[in-house]
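K.L.:
model this:
(chains A and B)
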There are 2 protein chains.
Amino acid sequence: MQYGKVTPEIIAQLKEMVGEKNVLTEGLENYSRDEMPHPEPRTPDVVVKPENTASVARILQLANEKLIPLTPRGGGTGLSGGAIPVYGGILLSLEKMKKILEIDEANFTATVEPGVTLAEFYKALAEHGLYYPVYPGELTATLGGTIATNAGGMRAVKYGVTRQSVLGLEAVLPGGDIIQSGGKLVKCSTGYDLTQLIVGSEGTLAVVTGITLKIAASPKKAELLFIPFNNLHDAISCVPDILKAGIQPIGIEFMQKDIIQLMERYNNKELPLHDYEAFLMLFVEADTEEEFFAISGRIDEVCRKHNAVDIYMPNTDEAKRTLLDAREKFYFAVQAMGMSDLADVVVPRSRIADFVEEVKKISARHNIPIIAFGHAGDGNVHLQPVGEGVKDESIRKAIMTDIFKAGISMGGTISGEHGLGFAKKDFLPMADSETKIELMRRIKHAFDPNHIMNPGKVLDF
Amino acid sequence: MQYGKVTPEIIAQLKEMVGEKNVLTEGLENYSRDEMPHPEPRTPDVVVKPENTASVARILQLANEKLIPLTPRGGGTGLSGGAIPVYGGILLSLEKMKKILEIDEANFTATVEPGVTLAEFYKALAEHGLYYPVYPGELTATLGGTIATNAGGMRAVKYGVTRQSVLGLEAVLPGGDIIQSGGKLVKCSTGYDLTQLIVGSEGTLAVVTGITLKIAASPKKAELLFIPFNNLHDAISCVPDILKAGIQPIGIEFMQKDIIQLMERYNNKELPLHDYEAFLMLFVEADTEEEFFAISGRIDEVCRKHNAVDIYMPNTDEAKRTLLDAREKFYFAVQAMGMSDLADVVVPRSRIADFVEEVKKISARHNIPIIAFGHAGDGNVHLQPVGEGVKDESIRKAIMTDIFKAGISMGGTISGEHGLGFAKKDFLPMADSETKIELMRRIKHAFDPNHIMNPGKVLDF
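P.N.:
Numbers count the residues shown, from 1 in each chain, chains lettered A, B, ... in the order given. Now for the predicted structure:
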């Protein structure tokens, strides 16, 4: 694709569309990268910050007409380089579209603009005794960004991922046309589901300008359990039996000793029962104290059958915070060590322990330590290689190839929740057949015939 | 589109592909219609019953090469004419692909062929203490058919519709290529979600040949509550407050006196509290007797605040069966009266009572009684006009137009769970903009450039 240039005339047109203050042509470093490890920064030619859907439509129409590559951007917290403007052009930042348009308590929906952050959204809902169960962890992420990547997080066991909470979208197509899809509707069998097609498409099909989300009543109690085991296989083998007992935790995380030690150093706080090899951390919702104790009693019973050493329930807010910090601040601890979140492979949840075993072998083969942890309840494993060696691109690619191959061979795929973006695009042919990728290309073409939308992401052409 | 003819040569090729016994050219009346009211039967030129995916692929390749229209068919229980071969050609019946390939208890998934019926599937799962929560009601429907229409049913409040339970698909594209999408995965952010695009596409994009579904542990107790009110507005206004109290029934149905009387006549059995104007029927799951009583106590409290007259809990199996029959056999009662299920409009659930009010006005305007009932928990309302008048096509269309207009004006859309098929295709432009419909056409074209897949359904070209 031969792209057009961002000329002074185009800059002037953009300024006319959104006002001078919302068009930046200097100091654009902050828009040249996201949180992708080993980023390859690429400064856009211009940053535009529209304040409403009509402006987005005009910008897209112009970009489409002049064949200017356009990269939408939310909070810039992505881990796959989805917001890096690899071909330059226009960086469309949704940061000024941050209105919570409606919280509809009768229908349990919220309608928002894409630039609202998770932190802002959780706070606004809490004031109504409501909450948004999707919890990807990074609170400065925008809702638009979580829709682009179909963000997952720690509560997918009970509530599913972002996709399951999106009821409707307003989106602008590359030519500037605005479409509405879905709505405040629990059921819909009226034509093709464009909502679900746009969710997870990483800004390569359309720009999302309005979002209707399913929300829920806040749980009365949200507790956690911390359960040590002598090995990971025992920990993982509990999970199906917990679910089969009819218990539905909101999340089930697994950790191994290496993580526990890392987090103790990072938070400078000792964790309980830290000498064991593997751990489950269960998040449980309940309406009453009695209900919580009934649930945790049943969890205790199941876990002991699988050789759990103990069941630890933090009984003060501080003890709970210590454990939560160990889980939630993990990514920052990793960053602080110069390590990188290289992959977020997903496998059938029964295969997590096998997959982690395989990763150990890959780690030994490349002589690079790899920390594995993640979501035992949903099969999503995060992989962090440690040390200087991994900065070498060829080694990094070789490790990623081996890790993806292992995951795929177990019925998994290469990204569970971060998306492909720029970082994993080249690996898509490992996961999917050429026939299927070609079909995706035709779908992309149906939305974006000039390929201006976030080029260089998800698919190769 | 100028379609090709089914020649004796093509029949011979089909016989070579699937065996003589699986190709029918006579006695095809059973394949000329589904359960759509006022059907316009259209006999296919040939019925083919492949027994495996490879055969489906060869049939589609042939149909695509010779430009023969191809209509996939499951149980033939659809209500929108989705399985009527309106252009003749090949009727591809999936009735012989009915293997339950795997029930994976560790991952809570089942992998099946599309011809497995709901009855067969529920039974097989029950033997493992498992269940499939999606419950559209018609037990002879096939799983493939429920995926084509994104079937809803009575348990959507807690478990969502078919879409939310489909984790992966195997599908054959019109050219004969086979694709795999998704898998035993709770999370996936790897390319465009073709699984969700195919779900609800009513056989117009691809033929589904394999399905991986999310299943659940069977609830220990499944109870129902029957709650009379003096008017529908009171009944409907309970629903958000029930959900806001943190109670999650699996389904909440509403009925009015007309339905109650109809069902008493049809089942020849008196229903409890039958003199009131409006009713909620709540389906509740619980693990223990105590838990059920705690939940029903809280429901009682909420409903009395909204002027519920009584809360009836059937305490014998027979009493429970009487009430279930009133709900489940409704469609047969309607059929027996020569009435038709004309529409399954969905509106935001808070608007049900307003919508039913509006339907009363439409009914009066056309001087044709219309019975409205349905899913209070998810906003899906079924509408049954009564009497000879509605057999007149222009009156039927005028009523449908008015009903759809009312639903759309309240933020709803024209089909919640039955699909558009042939019956509602012409009304799509009322619900969606030409821009959006044109985008759907381009997506259709990306899958099926020769438009052989179920032509005459969903979209006009």
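K.L.:
helix/strand/coil for the residue lying closest to A:Ala326 once chain neighbours are set aside?
P.N.:
Spatial nearest neighbour of A:Ala326, excluding adjacent residues (Cβ to Cβ, 6 or more residues apart in numbering or on different chains): A:Met263 at 4.2 Å. (Glycine included, C-beta is placed from N, CA and C.) The three-state assignment at A:Met263 reads helix, by DSSP: H, G, I helix; E, B strand; the rest coil.
K.L.:
check contacts around A:Met263.
P.N.:
By Cβ atoms under 8 Å, 6 or more residues apart in numbering or on different chains, the contact list for A:Met263 reads A:Leu271, A:Asp325, A:Ala326, A:Lys329, A:Phe330, A:Ala333.
K.L.:
just A:Leu273 next, same as before
P.N.:
When contacts are counted by Cβ under 8 Å, 6+ apart, A:Leu273 is found next to A:Phe226, A:Pro228, A:Phe279, A:Val309, A:Asp310, A:Tyr312.
K.L.:
Reformat these as CSV; add pLDDT and secondary structure.
P.N.:
Below are these laid out as CSV (pLDDT from 0 to 100; DSSP: H, G, I helix; E, B strand; the rest coil):
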residue, pLDDT, secondary structure
A:Phe226, 97, strand
A:Pro228, 97, strand
A:Phe279, 96, strand
A:Val309, 96, coil
A:Asp310, 95, coil
A:Tyr312, 95, strand
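K.L.:
Which among these count as buried?
P.N.:
Among the contacts of A:Leu273, those scoring as buried are A:Phe226, A:Pro228, A:Phe279, A:Val309, A:Tyr312 (criterion: 16 or more other Cβ atoms under 10 Å in any protein chain shown).
K.L.:
where does the residue lying closest to the third one once chain neighbours are set aside fall, phi/psi-wise?
P.N.:
In space, and not counting its chain neighbours, A:Phe279 is closest to A:Met255: 4.7 Å by Cβ to Cβ, 6+ apart. Note on A:Met255: backbone dihedrals following degrees, to the nearest 10 are phi -140, psi 160.
K.L.:
Could you report the neighbour count for A:Met255?
P.N.:
26 (other Cβ atoms under 10 Å in any protein chain shown).
K.L.:
what ranges do the strands span in the stretch 101-250 of chain A?
P.N.:
A:109-112, A:130-131, A:166-172, A:178-182, A:207-214, A:216-217, A:221-229 (DSSP state E, counting those that start in this stretch).
K.L.:
Save those as JSON lines, and put in distance to chain B too.
P.N.:
Output for the strands of the stretch 101-250 of chain A, formatted as JSON lines (distance: least, Cβ to the nearest Cβ, whole Å):
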{"stretch": "strand A:109-112", "distance to chain B": "8"}
{"stretch": "strand A:130-131", "distance to chain B": "8"}
{"stretch": "strand A:166-172", "distance to chain B": "9"}
{"stretch": "strand A:178-182", "distance to chain B": "4"}
{"stretch": "strand A:207-214", "distance to chain B": "10"}
{"stretch": "strand A:216-217", "distance to chain B": "5"}
{"stretch": "strand A:221-229", "distance to chain B": "10"}
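K.L.:
right, and those - which one's nearest B:Leu420?
P.N.:
Among the strands of the stretch 101-250 of chain A, strand A:178-182 comes nearest to B:Leu420, with 15.2 Å by Cβ to Cβ.
K.L.:
Let me see the mean pLDDT of that closest one.
P.N.:
For strand A:178-182, mean pLDDT is 98.
K.L.:
Also stretch A:111-128?
P.N.:
98.
K.L.:
Quick check: the two most widely separated of the buried ones among the contacts of A:Leu273?
P.N.:
It's A:Phe226 and A:Val309 that sit farthest apart of those, by Cβ to Cβ, at 11.1 Å.
K.L.:
quick one, helices of the stretch 1-150 of chain A?
P.N.:
Secondary structure of the stretch 1-150 of chain A (DSSP state H, counting those that start in this stretch): helices at A:8-18, A:53-66, A:118-126, A:143-149.
K.L.:
Let's see the last one as PDB, backbone CA atoms only.
P.N.:
Coordinates of the C-alpha atoms in helix A:143-149 are reproduced here as PDB (Å, rounded to 0.1, in the frame of the first residue of the first chain):
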ATOM      1  CA  LEU A 143     -12.600   1.200  28.000                       C
ATOM      2  CA  GLY A 144     -12.000   1.700  24.200                       C
ATOM      3  CA  GLY A 145      -8.600   0.000  24.600                       C
ATOM      4  CA  THR A 146     -10.000  -2.900  26.500                       C
ATOM      5  CA  ILE A 147     -12.500  -3.400  23.600                       C
ATOM      6  CA  ALA A 148      -9.800  -3.200  21.000                       C
ATOM      7  CA  THR A 149      -7.800  -6.100  22.600                       C
END
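K.L.:
Next, name the residue at the spatial heart of chain A.
P.N.:
The centre of chain A sits closest to A:Ala151, judged by Cα atoms, centre = their mean, with a distance of 3.1 Å.
K.L.:
How about that residue, nearest residue that isn't a chain neighbour?
P.N.:
Of all residues not flanking A:Ala151 in the chain, A:Pro136 sits nearest, at 4.1 Å (Cβ to Cβ, 6+ apart).
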